[in-house]
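**Q** Predicted model and sequence below, questions to follow.
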Amino acid sequence: MATIRKRGDYQWQAIVKRKGIGFTSKTFTTRKDAETWGKITEAEMLRGAYIRRADAEKTTLGELIAGFTIGYAPHHYRVRADEKEAWRFQVARLDEALGNLSLASIDQKAVTGYRERRLKGSPDRSKVGESTVRKELYMLSKLLNYAETECGIPLPRGNPVEKIRKPSDSRGRDRRLSATEWEAFKRECRASKSPWLWPAVQLAVETAMRQGELLSLEWSRVDKKRLLAMLPETKNGEARAVPLSSVALRVLDALPRSIRGKIVACPRFTLYSAFKAACVRAGIEDFTFHDLRHEALSRLAERGDFSVLEMAAVSGHKTLQMLKRYTHLQAENLARKLG
């Protein structure tokens, strides 16, 4: 039986003890609430379903995020000096909306409420896309798992993110420039005040490298004899060897050597600004630097002599699912093979 004792004029404390588990207690404003809690806790201990709630009740999500930011994230996320890391934006939104809640009180209702507010917008925040909300929910799930595995804080309700519907993932962009747009874009890139813009665009199209991979690539990682550029770390967390075409080699040969050792010795924001300015001057809308990666893979698919596995080796995709959308570009060549 739980022990119920009065504490002061308006509080009642319930204490439950069990051999092998220890004791737990909680204070209520009425004796009835204390007795009810005591019976429920005793029953959970008897059937082996008891989870100590004290740490989850006294730890807020905001406190967990602070610990995650200092003790976990620096060892698991790449540090980028010239840009904001995406995970920081994600935890900032979570802290803003749910940071004052205890871990024990974050249930499916709280999480679905957050999801809907982000999708529909709120007085203090405009609505965002499904892909953004999906990533934020996965970050919340990672934080809650961090609480259990790294901090030793059991979650009485489990991980509620695993039990709710996630927004659908966005379809991959398929923006490609027409022949006329490409000529205008190329002209404006060459006319840019940034000497790095057009070489960066050419290398992106010839290698299918992501912008971050391209900007981090150093001369010491380029082997012209083997026609390879080595990326020691990529978005997927794995090293990758990028094959270099004859066009890519000519671009590299024409570039000046930076004392920083970088092939494209240009800060990310500077390259972004030059790219956007070139698009504006060329009258091109809805086109991003990442679309150059799509352009590169589309061109490989259209050649017809690259298999999906070979394309994955070039692009660094870990699963072939991401490359399925390029197979339709090979349909004409497949028809020729069928005879």
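**A** Done, it's in.
**Q** make it CA atoms for all contacts and neighbour counts henceforth
**A** Noted.
**Q** Per-residue pLDDT of residue 120, please?
**A** As predicted, residue 120 sits at a pLDDT of 91.
**Q** Might you report the residue contacts of it?
**A** Contacts for residue 120 (C-alpha atoms under 8 Å, 6 or more residues apart in numbering) come out as 126-128.
**Q** go again using 10 Å as the cut-off
**A** Residues near residue 120 by C-alpha atoms under 10 Å, 6 or more residues apart in numbering: 126-129.
**Q** what's the most centrally placed residue in the chain sitting at in phi/psi?
**A** The residue lying closest to the centre of the chain (C-alpha atoms, centre = their mean) is residue 135, at 5.9 Å. The phi and psi torsions at residue 135 (degrees, to the nearest 10) take the values phi -70, psi -40.
**Q** Residue 97 versus the closest residue in space to it that isn't next to it in sequence, what's the distance?
**A** The spatially closest residue to residue 135, leaving aside those adjacent along the chain, is residue 90, at 7.6 Å (C-alpha to C-alpha, 6 or more residues apart in numbering). Here the criterion is C-alpha to C-alpha, to the nearest Å. By it, residue 90 lies 11 Å from residue 97.
**Q** Could you give the backbone dihedrals for residue 228?
**A** phi -130, psi 150.
**Q** ok, how many other residues are close to it?
**A** 17 (other C-alpha atoms under 10 Å).
**Q** The residue nearest to residue 135 reaches residue 141, doesn't it?
**A** No - taking contacts as C-alpha atoms under 10 Å, residue 90 lies outside contact range of residue 141: 11.7 Å.
**Q** isn't residue 127 right up against residue 114?
**A** No - assessed by C-alpha under 10 Å, residue 127 is found out of contact with residue 114, at 11.6 Å.
**Q** Pull up the overlap in contacts between those two.
**A** residue 133.
**Q** Between these two, which is the more surrounded one?
**A** Using other C-alpha under 10 Å as the criterion, residue 127 and residue 114 rank with residue 114 on top: 18 against 15.
**Q** How about that one, nearest residue that isn't a chain neighbour?
**A** Per C-alpha to C-alpha, 6+ apart, closest to residue 114 is residue 97, 7.3 Å.
**Q** what does residue 144 give?
**A** Nearest non-adjacent residue to residue 144, counting by C-alpha to C-alpha, 6+ apart: residue 159, 6.5 Å away.
**Q** Residue 242 belongs to a strand?
**A** Yes - checked against DSSP: H, G, I helix; E, B strand; the rest coil, residue 242 lies within a strand.
**Q** Contact partners for it?
**A** 207-209, 222, 227-231, 313-316.
**Q** Most neighbours of all those, which one?
**A** Within the contacts of residue 242, neighbour counts (other C-alpha under 10 Å) peak at residue 208, which reaches 27 neighbours.
**Q** For residue 98, see how far away that residue is.
**A** Residue 208 sits 39 Å away from residue 98 when distances are taken as C-alpha to C-alpha.
**Q** now residue 239
**A** 36 Å.
**Q** more neighbours, those two?
**A** Remark: of residue 239 and residue 98, residue 98 carries more neighbours, 19 against 13, as counted by other C-alpha under 10 Å.
**Q** returning to that earlier point: residues in contact with the residue nearest to residue 114?
**A** 61-62, 91, 110, 114, 117-118.
**Q** Return the members of the residues you listed classed as buried.
**A** Buried residues within the contacts of residue 97, counting neighbours by 16 or more other C-alpha atoms under 10 Å: 61-62, 91, 114, 117-118.
**Q** can those residues go into a markdown table with extra columns for distance to residue 307 and secondary structure?
**A** Listed next are the buried ones among the contacts of residue 97 as a markdown table, based on distance: C-alpha to C-alpha, whole Å; DSSP: H, G, I helix; E, B strand; the rest coil:
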| residue | distance to residue 307 | secondary structure |
| --- | --- | --- |
| 61 | 47 | helix |
| 62 | 48 | helix |
| 91 | 39 | helix |
| 114 | 43 | helix |
| 117 | 43 | helix |
| 118 | 40 | helix |
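**Q** could you say which helix or strand contains residue 15?
**A** Under the criterion of DSSP states H and E, residue 15 resides in strand 11-18.
**Q** What sits closest to residue 234 if chain neighbours are left out?
**A** Residue nearest to residue 234 in three dimensions, not counting chain neighbours: residue 213, with 6.6 Å by C-alpha to C-alpha, 6+ apart.
**Q** what's the distance between the one you found and residue 281?
**A** As for residue 213, its distance to residue 281 is 27 Å (criterion: C-alpha to C-alpha).
**Q** Show me which positions of the one helix or strand the residue nearest to residue 234 maps to end up buried.
**A** Secondary structure assigned from DSSP H and E places residue 213 in helix 211-216. Residues of helix 211-216 classed as buried by neighbour count (16+ other C-alpha under 10 Å): 211, 213-216.
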